[in-house]
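[1] sequence? don't have it. structure:
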């Protein structure tokens, strides 16, 4: 899939991953860690195994962290290169972790995930044009089981004016309230919709403040 001036198809991502030995830090996204810690797991629909879908899993840090917390994880990505690295990183964490993760090479904008299949669906920094983003978010919402949680995190539009380089394509960015407004209130309870500041390393190695748009919602309807 492509937006004018911005590509996010498989060749683009494979080439990007091949350009470096490691594209990401290897640490789980901080908003995943904080939001999973806040989940009301006692009220989750399944007693025992927790099923998570990590969308755009990249080199696997989030999926591996979830597996280490006891979740059964499905990690999906458009890049075969990223998935190979993710599987290798999981194996290095030990068999118990690797066995909890299924890696899928799939474009969820073309092939939607199974409906009502997961207790947690997590997607971080999936920056698509508005029309495609809405379709993807609707598919991800439908894949959450009743009682489960949807976690969507992206770069906040205000970062377009900040020190961290971002694609100058405003259509790729949305606030948490804008995303929350697309959920049916008869089926969803929005628990978090905010912009949260954090410190990151800028292109020159100096610390910069960036902002994440965070939506966490619980599916209350069937």
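    That came through, no problem. This is a predicted model, so every value here is computed, not measured. Numbering: from 1, shown residues only.

[2] from here on, contacts and neighbour counts on C-alpha atoms
    Noted.

[3] show me what counts as buried in stretch 24-41.
    If you call a residue buried by 16 or more other C-alpha atoms under 10 Å, then stretch 24-41 has these buried ones: 28, 31-32, 36, 39, 41.

[4] between the residues you listed, which is nearest residue 65?
    Proximity of those to residue 65 (C-alpha to C-alpha) peaks at residue 28, which lies at 6.4 Å.

[5] touching, the closest one and residue 65? I think so.
    Yes - contact status for residue 28 versus residue 65: in contact at 6.4 Å, counting by C-alpha atoms under 8 Å.

[6] and the gap between residue 140 and residue 32?
    Taking C-alpha to C-alpha, to the nearest Å as the measure, residue 140 falls 16 Å from residue 32.

[7] re earlier: now render the buried residues of stretch 24-41 as a markdown table, adding distance to residue 181 and pLDDT.
    Shown next, in a markdown table, are the buried residues of stretch 24-41 (distance: C-alpha to C-alpha, whole Å; pLDDT from 0 to 100):
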| residue | distance to residue 181 | pLDDT |
| --- | --- | --- |
| 28 | 27 | 97 |
| 31 | 21 | 95 |
| 32 | 21 | 97 |
| 36 | 22 | 94 |
| 39 | 21 | 85 |
| 41 | 25 | 60 |
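
[8] any chance of TSV for those, columns secondary structure?
    Shown next, in TSV, are the buried residues of stretch 24-41 (DSSP: H, G, I helix; E, B strand; the rest coil):
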residue	secondary structure
28	coil
31	helix
32	helix
36	helix
39	coil
41	helix
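
[9] from those, which is closest to residue 109?
    Nearest to residue 109, judged by C-alpha to C-alpha, of the buried residues of stretch 24-41 is residue 32 at 22.1 Å.

[10] show me what contacts the closest one?
    By C-alpha atoms under 8 Å, 6 or more residues apart in numbering, the contact list for residue 32 reads 62, 122, 151.

[11] how about the helices in this protein?
    Assigned by DSSP state H, the chain shows helices spanning 10-18, 30-37, 61-68, 80-92, 95-98, 130-142, 176-180.

[12] deepest in the core, which of the ones you listed is it.
    Stretch with highest mean neighbour count among the helices of the chain: helix 61-68 (a mean of 24; mean count of other C-alpha atoms under 10 Å).

[13] so which elements touch that one?
    Judged by 3 or more C-alpha pairs under 8 Å, 6 or more residues apart in numbering; DSSP states H and E, the packing partners of helix 61-68 are strand 50-55, strand 71-77, helix 95-98, strand 101-105.
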